[in-house]
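**Q** predicted structure and sequence below. I'll ask about it afterward.
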Amino acid sequence: MLGAWVNDAMKKLTVDSICAAYADKGVKVVVKPLPNAPKVILFEGDELAFEFLGKLFLAHAKAINGCGFQIGPKHAGNKSFSTKAALGIYLHRLPCDNDAPRGYQPSYKKKKSGTQN
Ligand SMILES: [Zn+2]
């Protein structure tokens with residue numbers, strides 16, 4: 001059902017496992033509007049925090065359990081968010097699982113199907 005490119009290693013690298021691993025390390029992320037520019041979102045944290053965010057985004061790129069993932073001070077995974085955090089974050093990977101037609105394939109496969117250059 002899933003492409004062969006989803007190997008065992010990537011299956012283990014889930015957003016949930018990343019959150020659990022970094023919560024154990026005591027990671028704290030602050031997400032809030034930048035005080036002097038409220039339309040800018042501030043991500044604040046130490047080295048571990050950005051390592052966590054980077055791996056979280058990478059894991060979501062390959063997430064096999066849905067197009068959306070929410071984390072924040074009032075949601076699951078809240079151990080990773082500082083109590084100072086005013087905002088949570090929502091990652092939405094396109095195409096949306098709800099919009100994708102059955103049998104969706106990456107565009108590079110669609111281009112090749114049926115034609116030969
Ligand atoms: Zn979606």
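**A** Noted; the coordinates are in hand. Residues are numbered from 1 along each chain as shown.

**Q** partner strands of the longest strand belonging to the chain and their direction?
**A** Longest strand in the chain, counting residues (DSSP state E): strand 37-44. Looking at strand 37-44 with DSSP bridges, its paired strands and their directions are strand 30-34 (antiparallel).

**Q** need the contact partners of the strand it pairs with.
**A** Contacts with strand 30-34, where a contact means CB atoms under 8 Å, 6 or more residues apart in numbering, come from 39-45, 72, 81-82, 84-89. (C-beta placed from N, C-alpha, C; glycine too.)

**Q** most neighbours among these, please name it.
**A** Taking other CB atoms under 10 Å as the neighbour criterion, Phe81 ranks highest of those with 25 neighbours.

**Q** quick check: that residue vs Arg93, distance?
**A** Relative to Arg93, Phe81 is positioned 21 Å away (CB to CB, to the nearest Å).

**Q** re earlier: quick one: least confident of the contacts of strand 30-34?
**A** Lowest in pLDDT among these is Ala85, which has 66.
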